[in-house]
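Participant: sequence and computational prediction follow.
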Amino acid sequence: MTKIPTVTNHVCGNAYLIEKGMNWIIVVGILMAMINTSLAANWNGSIRSKVQIDNRITNDATYSTDLWGLFEYEDSTNELNAGVSVLGRATDYEGDSGVKLYQLFMKKGFSEVNSTVKLGRFQRSDNLGFYLLDGIELHTANDEKSIAVDVYGGVPKRIDHVRSVEGESLFGFEMLFHQDLGWDGGAVPLSLDVLDLRSGFQRFEDDNASHRLTMGLNLEGQILFDSFEKYETRLLGTYEIESNSFEDLLAEGQVDVNEDLRWRGSYEYYRPENDRPTFREHFYSFYVLGEQTLIRTSLDLRVRHDLTVTVGGLRTSQSVGESGYGANAGITVSHWPGVILRAEGEYVELEDDTISSVFLGVEHTPTSTLNLQLNSALRREEKQLGGENWVRGIETRCDYMIQNNIHASFTFNYIWNSRLPDEYLGSFELTYYFDNFKPKAAR
């Protein structure tokens, strides 16, 4: 019996053909540009190999080997940029081996109209997270570069092992405004030196379509007293139209009271989604489910040129679970040349649940080519449902520059849990950088 093609098969097939056709167009364009190159053209790249052991994926030891290849081409005379990034991975577990094309793009500038066009597969980072986009991006600005517009569209792709997104389609635009004001408040002892505004719209489609409005505001100026110290404020937010509510909202600011004292404060509303926190985040932060608001304030005081003390507090309110308060303190010592010592502590009380954390770290740079780090942490959790849990961890890292273009890195950490399975991660990386250095064209 002859199978009747479905609309879905047609759509997927057409998308596949469009993607492959677009990739070939970009490859041909890059090759033609390199053949017709100029003195101002240059290329660079890197090859990074990595061997890793990790038990966080399956709770048993898993092994993987990665080989990254990155190539970038730039021709300033013709306003042309291009890039290719490929990953080859071999693992002893299913589902993550093979060769993946992470980037293949071409970017062309048109200085006469202050615009650039990027086509292909490239990285993007915005309110959705970090992802690859198979599509196109257009950037244009006025002559003064004070007003700019970005328009983009395509198919978003997931990036492994980071907060990422994947869907059927994505379209959006963003308007940016920058102004150096130099405004004096007169009777108000404040100046407004820099103003940045950002607003945009985004349509994301996966199983269902969702529409978002994005916004951003940045203000910088000085406090007009004798010391003329600086202040900064920022506001970032994402509003989802379907739910008629904010997905996330961040307001933060800092004031340099004088050269030795800085105040920082923030208000944040968000939904935590990072399921793979770093070693430090395991101990020096707490994670909950659902929506929450978090208010933080802190003071950084430089007691001496080699000694800085930080104290702060927080207030958290959650839609799932209890709300509560917390306090933290830290000290940073840089008395000895090439050595930095850090000690941090945090206490959080969520109704009848308490979390106490201590983090200790030392960083040593004995030479210009070698950097060593050693971190340790201790955390105690007391929860009504889970009881008491002790978490202990240690991390070591070594970065060594064998030559100017050859870098090596070794990392290992181990986390012991009294009630949960232990976690560990070890990796060794070797990176080789290559460049086609060319003399500048004579003027």
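Facilitator: Sure, I can see it. Numbers count the residues shown, from 1 in each chain.

Participant: mind checking the end-to-end distance for stretch 331-338?
Facilitator: As for stretch 331-338, its first-to-last residue distance stands at 17 Å under the measure C-alpha to C-alpha, to the nearest Å.

Participant: buried ones in it?
Facilitator: Residues of stretch 331-338 classed as buried by neighbour count (16 or more other C-beta atoms under 10 Å): 332-334. No exception for glycine: its C-beta is placed from N, CA and C like everyone else's.

Participant: mind listing residues that contact it?
Facilitator: The list of residues contacting stretch 331-338 from outside it, by C-beta atoms under 8 Å, 6 or more residues apart in numbering, reads 306-310, 340-344, 364-366.

Participant: and those residues, which is closest to Lys383?
Facilitator: Of all these, the one with the least separation from Lys383 (C-beta to C-beta) is Glu344, at 22.2 Å.

Participant: what's across from the closest one in the sheet?
Facilitator: Applying DSSP bridges to Glu344 yields these beta-bridge partners: Gly330, Phe359.

Participant: what's the local residue count around it?
Facilitator: For Glu344, the neighbour count with other C-beta atoms under 10 Å is 19.

Participant: before we move on, what about the one 4 residues further on?
Facilitator: Residues lying near Val348 (other C-beta under 10 Å) number 19.

Participant: contacts only, for it.
Facilitator: Residues touching Val348, when contacts are defined by C-beta under 8 Å, 6+ apart, comprise 286, 314, 316, 324-326, 354-356.

Participant: now, which of those lie within strands?
Facilitator: 314, 316, 324-326, 354-356 (DSSP state E).

Participant: show the pLDDT at Asp207.
Facilitator: The pLDDT attached to Asp207 in the predicted structure is 81.

Participant: for it, give its distance to Trp183.
Facilitator: When distance is defined by C-beta to C-beta, to the nearest Å, Asp207 is 48 Å away from Trp183.

Participant: over to Gly426?
Facilitator: Relative to Trp183, Gly426 is positioned 54 Å away (C-beta to C-beta).

Participant: where are the low-confidence patches of the stretch 201-350 of the chain?
Facilitator: Low-confidence segments of the stretch 201-350 of the chain, defined by pLDDT under 70, are located at 226-228, 270-291, 319-322.

Participant: just the strands from it, written as ranges.
Facilitator: When secondary structure is read from DSSP state E, counting those that start in this stretch, the stretch 201-350 of the chain shows strands at 209-223, 229-240, 245-258, 261-270, 292-304, 307-318, 324-333, 339-350.

Participant: so for Ile57, which of these sits nearest?
Facilitator: strand 261-270 (26.0 Å).

Participant: outside of stretch 235-247, which residues touch it?
Facilitator: With C-beta under 8 Å, 6+ apart as the test, stretch 235-247 has contacts from 127, 210-218, 248-251, 269-271.

Participant: just the buried ones from these?
Facilitator: By neighbour count, with 16+ other C-beta under 10 Å, the contacts of stretch 235-247 hold 127, 210, 212, 214, 216, 249-251, 269 as buried.

Participant: save those as CSV, and put in distance to Ala41 too.
Facilitator: Output for the buried ones among the contacts of stretch 235-247, formatted as CSV (distance: C-beta to C-beta, whole Å):
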residue, distance to Ala41
Asn127, 36
Ser210, 42
Arg212, 39
Thr214, 36
Gly216, 36
Leu249, 45
Leu250, 41
Ala251, 45
Tyr269, 48
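
Participant: quickly check those residues for the two that are furthest apart.
Facilitator: By the measure C-beta to C-beta, the buried ones among the contacts of stretch 235-247 have their two most distant members at Ser210 and Ala251, which lie 23.8 Å apart.

Participant: beta partners of the nearest residue to Gln254 once chain neighbours are set aside?
Facilitator: What sits nearest to Gln254 in space, not counting adjacent residues and going by C-beta to C-beta, 6 or more residues apart in numbering, is Arg264, at 4.4 Å. Each beta-bridge partner of Arg264 is listed here, defined by DSSP bridges: Gln254, Ser298.

Participant: neighbours of Arg264, how many?
Facilitator: When neighbours are defined as other C-beta under 10 Å, Arg264 has 16 of them.

Participant: farthest pair in the ones in strands among the contacts of Val348?
Facilitator: The most widely separated members of the ones in strands among the contacts of Val348 are Thr316 and Ser356, with 15.5 Å between them, by C-beta to C-beta.

Participant: of those two, who's got more company?
Facilitator: Neighbour totals were compared for Thr316 and Ser356, and Thr316 leads with 21 against 15 (other C-beta under 10 Å).

Participant: quick one: residues contacting the nearest residue to the more buried one once chain neighbours are set aside.
Facilitator: Across the structure, with C-beta to C-beta, 6+ apart as the measure, the residue nearest Thr316 apart from its sequence neighbours is Leu294 (5.1 Å). With C-beta under 8 Å, 6+ apart as the criterion, the residues that contact Leu294 are 266-270, 314-316.

Participant: how about these in JSON lines, adding distance to Phe71?
Facilitator: Supplementary listing: the contacts of Leu294 in JSON lines, determined by distance: C-beta to C-beta, whole Å:
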{"residue": "Ser266", "distance to Phe71": "40"}
{"residue": "Tyr267", "distance to Phe71": "43"}
{"residue": "Glu268", "distance to Phe71": "39"}
{"residue": "Tyr269", "distance to Phe71": "41"}
{"residue": "Tyr270", "distance to Phe71": "37"}
{"residue": "Leu314", "distance to Phe71": "45"}
{"residue": "Arg315", "distance to Phe71": "49"}
{"residue": "Thr316", "distance to Phe71": "46"}
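
Participant: ok, now which ones touch Gln202?
Facilitator: For Gln202, the contact set (C-beta under 8 Å, 6+ apart) comprises 126-128, 170-172, 211-214.

Participant: and it, bridged to which residues?
Facilitator: As assigned using DSSP bridges, the partners bridged with Gln202 are Gly172, Arg212.
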